[in-house]
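**Student:** Pasting the sequence and the predicted coordinates here, then a few questions.
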Amino acid sequence: MAGIGLLLAAESRTNGATNAVPDAADLSLEQLINIQVTSVSKKETDLFTAPAAIYVITQEDIRRSGMNSIPELLRMVPGLEVARIDANHWAISSRGFNDQYANKLLVLIDGRTVYSPVTAGVFWNVQDVPLDDIDRIEVIRGPGATLWGANAVNGVINIITKSAKDTQGGLATVTYGTEDQPSTTVQYGGHLATNLFYRAYTTYFNRDNFSDSTGKDAADAWDAIRGGCRIDWDKSDENKFTLQGDYYRSDAGEIVDETTLTPPFVNRVNAVDHDNGENVLGRWTHNFSDTSQLNLQMYYDHSEEGEESSDIKNSTYDFDVQQRFALGTRQDIVLGAGYRYLTEETRPDFFVTLTPDSDHEQLFNTFLQDDITVVRDRLHFILGSKLEHNDVTGFELEPSGRLAWTPTEKQTIWAAVSRAVRTPSYLEQDILENRSFTPPVLVSVFGNPNLKSEDLIAYELGYRIKPTERLSFDVSTFYNVYDNLITPVQGAPFFEPPAGPVVVPLTFENISHAETYGAEVSAEWSVTDNWKLTAGYSFLQTHQDPNPGYINNPQNQFQIHSYIDLPHHVELDGAVYYVDQISPVLGNATTSIPSYIRVDFGVTWRPTKSLELGIFGQNLADCSHPEFTSYTTTVVTEIPRNVMGRITWHF
C-alpha cells in the first residue's frame, strides 16, 4: 500500500538572455552578500541585514553543483537536514523533527504552497522544475508563520523561478550516468509583443533502481515527464503580470510491506506510485512608488498520488492580496489577506480507511507587519502577526518580533521571538490503519478528529560579520519550545467481534512537549579572484517528553565547498559533507544509521559561450551508504555512488 497506507507514521547572476553563463569569479563577495531576498519580509531585503537565519542557493550554485533535483540541492544549506530514503523519496527538515513526511517545514514554488494538508508533508519526488529556470532558493531556518501562516514552524523553503524575460532563446540539456538514464530538458523562450515574453519547456527523466545492503534491487526506479509555460508582461514600470502553469506525470517504484491477517502476516510487494498533477498561477504587481506596492495572486493546484489500490487527490484554490506602503519616514508596513479552499479525496482499501473518504476545508487569513526604523541605517524593529481561521482548529494567532542592529556596515546583529503552529493533517484526524499483525494481536492506528494544533515559541539570535572584503561569517542560534505535539498513544486492547483478533489501538493525541536548541555557522572566503571556499556547521540537541525512543536528526553536520576557475573556461568544483549518526524507526523498532562522509566533485568546460560540458561524481567516498528508513518497508536502501555527464546548449 504505497499511496497512503504508511504515510502517517541569491539573486540570479544572469541579466537578459541565458546564453551568457556567468563565472563565479565575476561575482565579488560584496555582490554575494548583498543578494536581495523576499521571503523574510515579503519585500526586497538585503541578505546581510535580514533579521532571520536565511541562506540562498543561487543559480550559480545550482549550475556548478551537478545536482539533478531540488531535494539534492538542499544539501548545500547549512543546518538543513537532508536524508535520501531511496531513489525517489527524501526526508527533509530544519532544526529537528525530520521524517519521510516532515510536517514542520513549509515549501513554496513561486508563492504556491506544495505542503500537503493530507499528510502534513511534502512529496519531494514531484517537486521538479527545470533547474536552469530557478533564479534562487531562499531557505529560512526558523519560524516564518507571521507572513506565511500555519505549518511554517521550523522553516520556509521558497523556490523562485526566473522571469520569462530572462530566459530568452533556446536551451537543451542532456544528463546521462549511473542514475540518470537519461534526463533531458528542452526549452524555448521568446517574445509575443513589446515587453510580452514567454517560455515553454518539457523535461523527461528515467532514473535507475538503487539497492539494499545485500545488493538486492530496491525496486525504486522512477521516470517522469513534465511540461509547462510562463508568460511575463511588463506592461509598464508600474504594472507587471505573470501567468504560468505546469503538468507532470510520474511513475515511482517502492517496496511495501503490507499487513495481512493470514500467514505470513506481512506481504512484501513491489509497488508503483502513479503521480500526476497540474497547476496554474497568475500574479499582478502594481508599483505606486519605490515604497508602495500592491500584489494580487491566484492559483489552482491539483495533484494525485497513489497506486492501483488507493490514491490521494488534492485540489487547492488560493487567493492572496498584499499591500506595502510607507507610513511617515520611519515605518514600512506590509499587510495582506487571503482565502484558500482545499478538497481532499482518498480511495480506501483493506489496509487503510479514512472516514470520511472525502472532505473540504476553508482557510481565511490576514497579516500585518510593521518595519520601524528606530535609528536610521542602524536599528530596525519589526513587529507583526498573522491571524488565521481554519475549519480544523479555528482561530490561530502567530505573532513575531524581530530586531536588526547594524552597528557598522560590515556587521549585523539580529534577534527574534516568534510563535508558529502546525495544524493536524487529514490522516491524523481520520485514519484507520492496520499497522501490524502478530496473532492474535492486531496493532491499528486511529485518527482523532478533536486534535489541536501543535505550537512553537522560538527564540533566535544571529550575527553576521564581514571582517574583510574576501571573508564573511554568519552565526545563528536558537531555542525552541514545542507544546501539544501530536503523538500516537496506546489505548486499552479490545476484541474484534465475533471472533476476530485482539486489537491494540494507537490513537493520535496532543500529549508531547519538546525543547530543542542549537547553532548554525557558515563562512565564505574568496581565497583568490579565481578560488572561493564556503563552509557550514550545525549543532542540534533535542529533548522530548515522553521520549519517542528514536533519533531522526543528526546532532552534528559539516560541509565545505570549493569553486575554482581555471584558464580556458574550465571549472573545478568539489564538496565534502559530514552527517552524524541517527537512530530512526524501522518497522516496530529502531535501527542505527551510521555517520557518513559524502564527497562530490565536478569538472565543467565551456568551449563556447553557448555550450557547456560537465562530468560530475557524487558519493565518491564509498560505493553506497544508508541515510534514512522508509515508512513502507523494513528494507533499508543504500544510496550509491553516482557518476554522470551533462551537456547544456543555449541557442
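**Tutor:** That came through fine. Numbering: from 1, shown residues only.
**Student:** For the rest of this, base every contact and every neighbour count on C-alpha atoms.
**Tutor:** Fine.
**Student:** Correct me if wrong: residue 429 contacts residue 447.
**Tutor:** Yes. Residue 429 lies in contact with residue 447 (C-alpha atoms under 8 Å); the separation is 4.3 Å.
**Student:** any shared contact partners between the two?
**Tutor:** Here residue 429 and residue 447 have residue 508 as joint contacts, going by C-alpha atoms under 8 Å, 6 or more residues apart in numbering.
**Student:** from what I can see residue 135 touches residue 160, true?
**Tutor:** Yes. At 5.7 Å, residue 135 counts as touching residue 160 under the criterion of C-alpha under 8 Å.
**Student:** list the contacts for residue 448?
**Tutor:** Here residue 448 is in contact with 428, 429, 430, 507, 508, 509 (criterion: C-alpha under 8 Å, 6+ apart).
**Student:** Most neighbours of all the residues you listed, which one?
**Tutor:** Neighbour counts for the contacts of residue 448 (other C-alpha atoms under 10 Å) peak at residue 428, which has 28 neighbours.
**Student:** quick check, that one in a helix?
**Tutor:** Yes. Assessed by DSSP: H, G, I helix; E, B strand; the rest coil, residue 428 belongs to a helix.
**Student:** What is the neighbour count of the closest residue to it other than its chain neighbours?
**Tutor:** Nearest in space to residue 428, with sequence neighbours left out and distances taken as C-alpha to C-alpha, 6 or more residues apart in numbering, is residue 447 at 4.9 Å. Counted with other C-alpha under 10 Å, the neighbours of residue 447 add up to 23.
**Student:** okay, residue 135 and residue 160: which has more neighbours?
**Tutor:** residue 135 (23 against 20).
**Student:** so how far is the helix or strand encompassing that one from its chain's centroid?
**Tutor:** Residue 135 is part of strand 134-141, with elements assigned from DSSP states H and E. Relative to the mean C-alpha coordinate of its chain, strand 134-141 is positioned 9 Å out (C-alpha atoms, centre = their mean, to the nearest Å).
**Student:** Stretch 429-446: which residues count as buried?
**Tutor:** 429-438, 441-446 (16 or more other C-alpha atoms under 10 Å).
**Student:** Could you work out the most separated pair of those residues?
**Tutor:** 429 and 438 (25.9 Å; C-alpha to C-alpha).
**Student:** about what we covered before: partner strands of the strand holding residue 135, parallel or antiparallel?
**Tutor:** Take DSSP bridges as the rule and strand 134-141 pairs in its sheet with strand 53-58 (antiparallel), strand 155-161 (antiparallel).
**Student:** any chance of the ones you listed in a markdown table, plus mean pLDDT and distance to residue 301?
**Tutor:** As requested, the strands paired with strand 134-141 are exported to a markdown table (pLDDT from 0 to 100; distance: least, C-alpha to C-alpha, whole Å):
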| stretch | mean pLDDT | distance to residue 301 |
| --- | --- | --- |
| strand 53-58 | 95 | 25 |
| strand 155-161 | 96 | 16 |
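**Student:** Now distance to residue 286 too, for these, in JSON lines please.
**Tutor:** As requested, the strands paired with strand 134-141 are arranged in JSON lines below (distance: least, C-alpha to C-alpha, whole Å):
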{"stretch": "strand 53-58", "distance to residue 286": "26"}
{"stretch": "strand 155-161", "distance to residue 286": "19"}
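**Student:** of all those, which lies closest to residue 351?
**Tutor:** strand 155-161 (33.1 Å).
**Student:** can you list contacts of that closest one?
**Tutor:** Residues contacting strand 155-161 (C-alpha under 8 Å, 6+ apart): 39, 93-94, 104-111, 133-144.
**Student:** Could I have the buried ones of those as ChimeraX selection syntax?
**Tutor:** Listed next is the ChimeraX selection for buried residues among the contacts of strand 155-161, using 16+ other C-alpha under 10 Å:
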select :39,93,94,104,105,106,107,108,109,111,133,134,135,136,137,138,139,140,141,142,143,144
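**Student:** I'd assumed residue 578 was in contact with residue 594.
**Tutor:** No. Counting by C-alpha under 8 Å, residue 594 does not reach residue 578; the two are 11.1 Å apart.
**Student:** so where's the stretch 451-600 of the chain uncertain?
**Tutor:** By pLDDT under 70, the stretch 451-600 of the chain contains no weakly predicted segment.
**Student:** again, 80 this time
**Tutor:** 497-500 (pLDDT under 80).
**Student:** What are the boundaries of the strands in it?
**Tutor:** 454-468, 471-490, 494-495, 502-528, 531-545, 556-566, 570-579, 585-586, 589-590, 596-608 (DSSP state E, counting those that start in this stretch).
**Student:** The stretch 101-250 of the chain now?
**Tutor:** 105-109, 112-113, 134-141, 155-161, 169-177, 180-193, 196-207, 211-212, 222-233, 239-259.
**Student:** okay, those in TSV with distance to residue 651 next?
**Tutor:** As requested, these are exported to TSV (distance: least, C-alpha to C-alpha, whole Å):
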stretch	distance to residue 651
strand 105-109	27
strand 112-113	30
strand 134-141	19
strand 155-161	20
strand 169-177	5
strand 180-193	9
strand 196-207	14
strand 211-212	39
strand 222-233	18
strand 239-259	23
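**Student:** Tell me which of the ones you listed lies nearest to residue 500.
**Tutor:** That would be strand 239-259 among the strands of the stretch 101-250 of the chain, by C-alpha to C-alpha, at 15.3 Å.
**Student:** Show me what the closest one is packed against.
**Tutor:** Here strand 239-259 touches strand 222-233, strand 266-289, strand 431-438, going by 3 or more C-alpha pairs under 8 Å, 6 or more residues apart in numbering; DSSP states H and E.
**Student:** which of those is buried the deepest?
**Tutor:** strand 431-438 (a mean of 22; mean count of other C-alpha atoms under 10 Å).
**Student:** could you dump the contacts of residue 448 to JSON lines with distance to residue 421?
**Tutor:** Formatted as JSON lines, these follow (distance: C-alpha to C-alpha, whole Å):
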{"residue": "428", "distance to residue 421": "16"}
{"residue": "429", "distance to residue 421": "16"}
{"residue": "430", "distance to residue 421": "20"}
{"residue": "507", "distance to residue 421": "21"}
{"residue": "508", "distance to residue 421": "17"}
{"residue": "509", "distance to residue 421": "16"}
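**Student:** Of those, which pair is most distant in space?
**Tutor:** The most distant members of the contacts of residue 448, if one measures by C-alpha to C-alpha, are 430 and 509, lying 12.7 Å apart.
**Student:** circling back: among the contacts of residue 448, which one lies nearest to residue 456?
**Tutor:** residue 509 (16.7 Å).
**Student:** Would you mind confirming that the closest one is in contact with residue 491?
**Tutor:** No. In this structure, residue 509 is not within contact of residue 491 by C-alpha under 8 Å, at 10.9 Å.
**Student:** mind listing what residue 300 touches?
**Tutor:** So residue 300 contacts 279, 280, 281, 315, 316, 317, 318 (C-alpha under 8 Å, 6+ apart).
**Student:** which residue packs closest to the second one, ignoring adjacent ones?
**Tutor:** Counting by C-alpha to C-alpha, 6+ apart, residue 245 is the residue found nearest to residue 280 once chain neighbours are left out, at 4.1 Å.
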